[in-house]
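**Student:** build me a structure from this.
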Amino acid sequence: MTEITMQRIATIHTDLPEKFGIPRQSQLVPELTAKITFEEAYRNPESVRGLSDFDYIWLLWVFETGDRSFHATVRPPRLGGNTRMGVFATRSPFRPNPIGLSCVRLLKVEQTEQGPMLTVSGADLKDGTAILDIKPYLPYADAYPNARGGFTQDPKAARPLLQVEIAEKLLQNIPEDKREALKGILAQDPRPAYIEDDEREYGMMFAGKNVRFSVSGDRLLVSNIT
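**Tutor:** Below you'll find the predicted structure:
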């Protein structure tokens with residue numbers, strides 16, 4: 001088999017240091033912002049000339065998953081984690097090549113002492129993820145609003161948004177500009193699709209804080225933020 005070598009061109013910096021809690025697709029939590037910084041070889045300011053004229057960009061990035069053996073089918077979370085689909089009909093991280101694709105909103109392009117820095121929103125990437133490439137989103141070529149969406153269009157496959165309850169004294173532990181992002185992540189129900197345990201307490205790291213919560217029906221209650 002032919003091997004292809006790629007290089008990290010940039011790194012994304014987010015408030016989510018662990019896989020748990022990361023939105024399952026980009027733009028599900030538009031309040032979630034992130035920064036992208038470039039590797040030294042790609043810090044020429046000219047490399048981002050014209051980029052600020054676009055509202056959205058595509059990120060090609062690397063999944064941090066250990067299993068690289070080929071599996072023809074996977075179990076998408078959207079189908080409850082029990083139904084198998086062909087790997088190439090999903091966006092599962094367990095793929096022959098660990099390449100992810102995300103469309104994010106470009107909020108700002110700025111020049112710093114360390115080269116260009118991009119501020120984006122709606123990312124579904126873990127903190128420190130390697131970026132392989134950045135391309136502009138082209139509305140005339142990339143948008144097909146009437147296209148079929150396969151199993152993702154089945155309304156029974158989508159989890160309803162949860163009602164998030166956080167006491168004001170707990171919310172004070174999160175910076176004000178990040179609170180809506182936290183609420184958005186929790187509303188998406190970060191639990192594994194195959195787990196629905198009303199007695200269980202879950203925890204996720206966000207913005208340097210440990211957020212503890214439980215879920216009962218369509219209600220998510222945050223019990224502590226430390």
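**Student:** CA only for contacts and neighbour counts going forward, please
**Tutor:** Will do.
**Student:** what is the lowest-mean-pLDDT helix or strand in the chain packed up against?
**Tutor:** The helix or strand of the chain with the poorest confidence is strand 73-74; it has a mean of 89 (mean pLDDT, DSSP states H and E). Applying 3 or more Cα pairs under 8 Å, 6 or more residues apart in numbering; DSSP states H and E, one finds that strand 73-74 contacts strand 85-86.
**Student:** show me where this protein has helices.
**Tutor:** 139-142, 168-171, 179-187 (DSSP state H).
**Student:** of these, flag the one that's most buried.
**Tutor:** Of the helices of the chain, the one with the most neighbours on average (mean count of other Cα atoms under 10 Å) is helix 179-187, at a mean of 20.
**Student:** what mean pLDDT would you report for that one?
**Tutor:** Across helix 179-187, pLDDT averages out at 97.
**Student:** residues making contact with that helix?
**Tutor:** 21-23, 29-33, 161-164, 171, 206, 220 (Cα atoms under 8 Å, 6 or more residues apart in numbering).
**Student:** now intersect the residues you listed with the strands, please.
**Tutor:** 33, 163-164, 206, 220 (DSSP state E).
**Student:** tell me the domain boundaries of the protein?
**Tutor:** As assigned by automatic domain parsing, the chain contains the domains 10-151, 157-225.
**Student:** can you put the ones you listed in CSV and add distance to Glu3?
**Tutor:** What follows is the domains of the chain, written out as CSV (distance: least, Cα to Cα, whole Å):
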stretch, distance to Glu3
domain 10-151, 11
domain 157-225, 34
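**Student:** which of these sits closest to Ile4?
**Tutor:** Shortest distance between Ile4 and those, using Cα to Cα, is found for domain 10-151: 10.5 Å.
**Student:** endpoints of that closest one, how far apart?
**Tutor:** 33 Å (Cα to Cα, to the nearest Å).
**Student:** just stretch 40-60 next, same as before
**Tutor:** Stretch 40-60: ends 19 Å apart by Cα to Cα.
**Student:** next: stretch 51-64.
**Tutor:** Per Cα to Cα, the first residue of stretch 51-64 is 28 Å away from its last.
**Student:** which residues touch it?
**Tutor:** Residues outside stretch 51-64 that contact it (Cα under 8 Å, 6+ apart): 93, 98-109, 129-137.
**Student:** still on that earlier bit, closest to Arg43 among the contacts of helix 179-187?
**Tutor:** Of the contacts of helix 179-187, the one sitting nearest to Arg43 (Cα to Cα) turns out to be Thr33, at 21.4 Å.
**Student:** so what sits opposite the closest one in the bridge?
**Tutor:** Beta-bridge partners for Thr33, by DSSP bridges, are Ser121.
**Student:** quick one: pLDDT of it?
**Tutor:** 97.
**Student:** same check on Met205?
**Tutor:** 97.
**Student:** please apply the same query to the one 10 residues further on.
**Tutor:** Per-residue confidence for Val215 comes out at a pLDDT of 94.
**Student:** ditto for Leu221
**Tutor:** 97.
**Student:** how far away is the nearest residue to Ala10 once chain neighbours are set aside from Ile12?
**Tutor:** Nearest non-adjacent residue to Ala10, counting by Cα to Cα, 6 or more residues apart in numbering: Phe38, 4.0 Å away. The spacing between Phe38 and Ile12, counted by Cα to Cα, is 9 Å.
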